[in-house]
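Peer 1: this one's sequence-less:
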């Protein structure tokens, strides 16, 4: 039996899993197969002057850090998220304390990066990648969930 109720466990894992799926599609199709991911054709977005075009975003000079694609970093971010949730739920008390606090700060790091990425896509590139947008939304939801969890439960302290 874990520390999280099935509802909280599902909430804490679901959106990171969706984000991991989205980032994995991009990593596999674009970086491994050298093809555009499905549904990445260019078309007008509801935002004036911005198109939905994954190729512009994925091939831009902003698409990597030191040669590492942002989608690979996103996949790692979501994997760490999932691991921290599982360690908190199932791990020994010492690791559970560390992991729940790390989870909050890890998700905070994600939430502070998202506005920059949205700025790059909309104002610098004038293009949005649908998969990147899915990842951004999942990061925002993940941070919201951990914040609500801390507000409802209080800062968890695991005892032996």
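Peer 2: Everything's here; your move. Just so it is clear, the model here is predicted, and its values are computed rather than measured. Numbering: from 1, shown residues only.

Peer 1: what's the helix or strand hosting residue 78 packed up against?
Peer 2: Using DSSP states H and E, residue 78 maps to helix 70-90. Identification of packing neighbours for helix 70-90 by 3 or more CB pairs under 8 Å, 6 or more residues apart in numbering; DSSP states H and E yields helix 6-26, helix 93-119, helix 130-153. In short, each C-beta sits where N, CA and C put it, glycine included.

Peer 1: From residue 41, how far out is the nearest residue to residue 141 once chain neighbours are set aside?
Peer 2: Leaving aside its sequence neighbours, residue 141 sits nearest to residue 15 (CB to CB, 6 or more residues apart in numbering; 4.5 Å). Distance of residue 15 to residue 41, computed by CB to CB, to the nearest Å: 26 Å.

Peer 1: who's more crowded, the two?
Peer 2: residue 15 (21 against 11; other CB atoms under 10 Å).

Peer 1: my guess is that one meets residue 143, correct?
Peer 2: No: contact criterion CB atoms under 8 Å: residue 15 and residue 143 do not qualify, at 9.8 Å.

Peer 1: For the most centrally placed residue in the chain, give me its contacts.
Peer 2: When CA atoms, centre = their mean is applied to the chain, the residue found nearest the centroid is residue 139 (4.1 Å). Shown in contact with residue 139 (CB atoms under 8 Å, 6 or more residues apart in numbering): 19, 77, 107, 110-111, 113-114.

Peer 1: I'd like these as TSV, with neighbour count and distance to residue 53 appended.
Peer 2: Formatted as TSV, the contacts of residue 139 follow (neighbours: other CB atoms under 10 Å; distance: CB to CB, whole Å):
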residue	neighbour count	distance to residue 53
19	27	21
77	23	24
107	25	29
110	23	24
111	16	25
113	16	22
114	17	20
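
Peer 1: can I get the residues you listed in CSV with distance to residue 126 and pLDDT?
Peer 2: Formatted as CSV, those follow (distance: CB to CB, whole Å; pLDDT from 0 to 100):
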residue, distance to residue 126, pLDDT
19, 24, 98
77, 26, 98
107, 29, 95
110, 24, 95
111, 24, 96
113, 20, 96
114, 18, 97
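
Peer 1: can you list the helices and strands packed on helix 70-90 in CSV and add distance to residue 32?
Peer 2: Listed next are those as CSV, based on distance: least, CB to CB, whole Å:
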stretch, distance to residue 32
helix 6-26, 10
helix 93-119, 22
helix 130-153, 14
